[in-house]
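>>> Sharing a model prediction with you, sequence too.
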Amino acid sequence: MRYLTRRIGLFLVTLWAALTVNFIIPRVMPGNEAQAVLGTFRNINPAALHALQIQFGVNAHQSVLSSYFEYLGNCLTGQFGVTAQGVPVMSEIGSKLPWTLGLVGVTTVIAFLIGTLAGVASAWYRGGRLDAILPPALFIVSTIPVFFVGLLLIYVFAVKLNWLPLGGNYSVGATPSFSASFIWDVLKHALLPALSLVIVTSGLWVYSMRNNMITTIAEDYVKTGRAKGLPTRRVMFGYAGRNAILPNLTGFAMQLGYVLGGAIVIEYLFSYPGLGYLFYTATTDHDLPLMQGLFLFYTLAVLVCVLIADLLTAVLDPRTREA
Amino acid sequence: MKRIKWLAALATVGMFVAACGGSSSGTSSSTANTGKVGGKLVIDNVSGSTWTCQFNPFNSAVLGPGITFAPVYEPLEFVNILQSGNPPVPMLATSSAWSNGFKTLTFTIRNGVTWTDGKPFSAADVAYTFNAMKSDKVIDLNALWSADGGPLTSVAVKGTNQVVFTFKAPSQPIFYFVADQTPIVPQHIWSALNQSKLHSYPDSQPVGTGPFMVSSCSPQNIKYTRNPHYWQSKAGHPVPMIKEVDYPAFLSNTPGNLFLAQGQAQWGGQYIPNVQSFYVGKDPAHRHIWFPPVLNVALVPNLSNPLLGKLPVRQAIAYALDKATISRLGEGGEQQPANQNGVVTPTFQSWVDSALTQPAYSPAKAQQLLKSAGFTKGSDGIYKDASGNRLAFTIKTISGYSDWDASLQVITQQLKAVGIAVTVQDENSTPYTSDIQGGHFQLAYAGSGGPAASPGPGPYYELRGWLFSGNIGSTNYSRFKSAQADALFNQYAGASQPQQVQIMHQVQKMMVDEIPFIPTTEGVDWYQYDTTNIGGWPTQSDPYAQPSPYSFPDNGQVLAHLYPSS
């Protein structure tokens, strides 16, 4: 119980700190929304600058402190305002979330599974051929920047071979439905960005899993399991794997932040209309309400995942519950 | 359209290493208008973000890609910038007349027009639209009612079918913004809204008078269907003749350009590198391009800089630039070299003072100008003044504008050849806009494609944006301040047509004598079209409207002219 309250307390303090940083960062960026709108579109009368300044309250002076408390209050009550284009921030995030969740969420789980399984297998058969090839190969690939992998895949599969689409989430003009042909269309569009992310992130799990596994295999309870004559798979996953995965689990939650960051580059590269792309346009358009909404969303996502990982650790490892 | 961005550019370079081709004008289509309704038009213009499905024509973000004005909402009269000598085309107003020394403007409103919800359109809608801008200043995008009580002082209905605009001072050029640049909205819907918050009305199901109606909208695509009761329709001659229009959202140029090249869209407004081989060459019989110039791109000196404030330095820069090379290497020949007199040609040829001699490319003359002004060449080959200040400057530009970067490479070399050192500094569009409006730069590359004074029917509109002292802080980037220029621009508002030409001749002389900024290339309307299934396109020989899908309200003219040809 004490473990639980301490974790939740820490969660709240971190959340407050993150909210404060979210408030400060967009405000120290140069320029303002009115100039951003003028800079983005053409054929607009420069006299519109005056109108835009009124709209975005550019010259309306409000003290930093009072807007800070207003912002905190809005965050608590879930009011995030409207974007520079006049759409409620929450509905904008809500409409893009499924695409990012589908793309990044699924690829992260796949990458985690591939990396972890490769780690378990190579530790179990340590010193063998598998151990000599798989972890180094995955690790080396994971150091390549994700945009480079993406560009390479686009060049080979979309441009040279013309097997897969260049970008987007589904074909232009297609009507969303639950038909087999539409789902196939969506999968075809998601394949290249998903592949880039899996290639780059799988390797991150291999070494930590392999090293934990090797330490765990030497433990007495694993020897006991083997001595009892339990099947290899049972000992590998139920005895050794379960304990070795604990540090990786926390790492997985932390990793989410990196993955969301990587998603910005991948979604931009593939013109994929998810949260990452939205974040990019919000920043270039200097869209304060949208940026704050997205920052908050990302922070919450990472913090909640860390909290869940902490709770999961408590379930998997009884010792933490008493600490 | 959005400019090419670096990642997309990287992909593009990898993909299309093809020979460079110049631009050519399209020939008009030989297909005949059968008078039948049908077919589908797909527009390809990269908006850079998915659609918000809002159609409020006063929201600047909605206005930009031309999705609402003028397919749905229409202007009073259409002014064609490409034919600035022609009278305006009557739209919702059948005629207009100035009186009282260009201080009173009266429109006669068309009878028999209906909104797409079936309600009749009237002069009251027109008066309402303009008065709404007074109650919500945010939607007054052309500053018709500015804070100091002008230029407009009142808009009122007169009789049954007239609307009278009263101005504080002679306001001839404002005709363009009132008649052509303001979308008319229905009073019966808009007057029920909060009048001080009209700018935040989403207008997701717009009710207009235009040729098309929005039939469905998703973040990826806007579908339009023809307005069956459009007022231009006559028995035996339906308008519009295209049944459906799709306007998909593209996030970046690469997929947008590919979509056009694959023949999936018929009307493009894209910057395509090597457009001849990448687009036209794949079906030269049907695919055409035409890039009419409308607005300058220029090298802008900050006149408050002590060195650039000196005329000989600016003159030296003007003589040092070989604009033909900048056009060829920087813009792939797709934008033509610009004139130092500031007039975009051939679009505004009739305004040019042909007696005026413009500086011609001459590096020798440039160095001679610097020497006679007391500058001496240092050991590093760069000129400096008596107190040792080197002619070394930074040029601010917008990051991601790959054609501007290429032009600036050429400019850097040409200036170095006459002993002026420049370094290019790329900035994101927001800080760039902030810096050039606020005067935080030495030299800047600016104009068409970036935040610039919008063009109008005649060089007055652009040049007033650059040179009028009241525009310091917005589009007078070089911070040029001249009582003579201000007086000329003020006289223009009340002058007759021949007098206006004379005034513009004097402004051109000022451009050549004082070099307030140096036009380098002529920014164009990007335009690609495919005549396989659709005819009636604007062409160089029939320039009935600015041809880009994002040029409003010209896009409404094009949509009403197109017809299915198969």
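Okay, I see it.
>>> hey, where'd the helices end up in the stretch 201-350 of chain B?
B:253-261, B:275-278, B:311-320, B:323-325 (DSSP state H, counting those that start in this stretch).
>>> so of those, which one's packed in deepest?
helix B:253-261 (a mean of 25; mean count of other Cβ atoms under 10 Å in any protein chain shown). From N, CA and C alone the C-beta is placed, and that goes for glycine too.
>>> neighbouring contacts of stretch B:489-508?
B:101-102, B:169-174, B:341-343, B:350-353, B:356, B:458-460, B:463-464, B:467-468, B:485, B:488 (Cβ atoms under 8 Å, 6 or more residues apart in numbering or on different chains).
>>> List buried residues within the residues you listed.
B:102, B:170-174, B:341-343, B:351-353, B:458-460, B:463-464, B:467-468, B:485, B:488 (16 or more other Cβ atoms under 10 Å in any protein chain shown).
>>> Just say helix, strand or coil for the nearest residue to residue B:464 once chain neighbours are set aside.
Closest residue to residue B:464 apart from its sequence neighbours, by Cβ to Cβ, 6 or more residues apart in numbering or on different chains: residue B:489 at 5.0 Å. At residue B:489 the chain is in helix, as set by DSSP: H, G, I helix; E, B strand; the rest coil.
>>> before we move on, the earlier item: if you average pLDDT over each of the helices of the stretch 201-350 of chain B, which comes out lowest?
Comparing mean pLDDT over these, the weakest stretch is helix B:253-261, at a mean of 86.
>>> For chain A, which segments count as strands?
Counting by DSSP state E, chain A has no strands at all.
>>> what bits of it have low per-residue confidence?
For chain A, the stretches flagged by pLDDT under 70 are A:1, A:31-33, A:35-49, A:55-62, A:173, A:257-262, A:320-323.
>>> In it, spot the helix with the most residues.
helix A:180-217 (DSSP state H).
>>> near chain B at all, that one?
No. Helix A:180-217 does not reach chain B (Cβ under 8 Å from any Cβ of the partner chain); its nearest approach is 10.8 Å.
>>> Buried ones in that helix, by neighbour count?
Neighbour counts over helix A:180-217 (16+ other Cβ under 10 Å) mark A:185-186, A:189-190, A:192-210, A:212-214, A:216-217 as buried.
>>> likewise stretch B:104-120?
So for stretch B:104-120, counting by 16+ other Cβ under 10 Å, buried means B:105-110, B:113, B:115-116.
>>> Now render these as TSV, adding secondary structure and distance to residue A:291.
Listed next are the buried residues of stretch B:104-120 as TSV, based on DSSP: H, G, I helix; E, B strand; the rest coil; distance: Cβ to Cβ, whole Å:
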residue	secondary structure	distance to residue A:291
B:105	strand	43
B:106	strand	48
B:107	strand	44
B:108	strand	49
B:109	strand	45
B:110	coil	46
B:113	coil	43
B:115	coil	38
B:116	coil	37
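>>> Can you tell me which of these comes closest to residue B:413?
Taking Cβ to Cβ as the measure, residue B:413 sits nearest to residue B:105 out of these, at 50.6 Å.
>>> Nearest residue to that closest one in space, please, no chain neighbours.
Leaving aside its chain neighbours, residue B:105 sits nearest to residue B:165 (4.2 Å; criterion: Cβ to Cβ, 6+ apart).
>>> ditto for residue B:65
Nearest to residue B:65 is residue B:47, by Cβ to Cβ, 6+ apart, at 4.5 Å.
>>> Contact residues of the stretch 51-200 of chain B facing chain A?
Checking the stretch 51-200 of chain B against chain A by Cβ under 8 Å from any Cβ, the hits are B:52, B:54, B:56, B:59-65, B:137-143, B:146, B:177, B:181, B:199-200.
>>> Could you rerun that using 7 Å?
By Cβ under 7 Å from any Cβ of the partner chain, the part of the stretch 51-200 of chain B that sits against chain A consists of B:52, B:54, B:59-61, B:63-64, B:137-143, B:199-200.
>>> Name the pair among these with the greatest separation in space.
Largest pairwise distance in those, by Cβ to Cβ, is 25.1 Å, between B:52 and B:143.
>>> List, one by one, the residues from the stretch 351-500 of chain B near chain A.
Residues of the stretch 351-500 of chain B lying near chain A (Cβ under 7 Å from any Cβ): B:428-434, B:437, B:449, B:451, B:453-454, B:465, B:471, B:474-475.
>>> 8 Å instead, please
Checking the stretch 351-500 of chain B against chain A by Cβ under 8 Å from any Cβ, the hits are B:398, B:428-434, B:437, B:448-454, B:465, B:471, B:474-475.
>>> Mind listing what's buried along the longest helix seen in chain B?
Taking DSSP H as the criterion, chain B has its longest helix at helix B:497-514. Neighbour-count burial for helix B:497-514, counted by 16+ other Cβ under 10 Å, picks out B:500, B:503-505, B:507-508, B:510-512, B:514.
>>> would you turn these into a markdown table with distance to residue A:179 and pLDDT?
Formatted as a markdown table, these follow (distance: Cβ to Cβ, whole Å; pLDDT from 0 to 100):
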| residue | distance to residue A:179 | pLDDT |
| --- | --- | --- |
| B:500 | 61 | 96 |
| B:503 | 64 | 97 |
| B:504 | 61 | 97 |
| B:505 | 66 | 97 |
| B:507 | 62 | 97 |
| B:508 | 63 | 97 |
| B:510 | 65 | 97 |
| B:511 | 61 | 97 |
| B:512 | 65 | 97 |
| B:514 | 66 | 96 |
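>>> Can you get me the start-to-end distance on stretch A:267-276?
The first and last residues of stretch A:267-276 sit 6 Å apart, counting by Cα to Cα, to the nearest Å.
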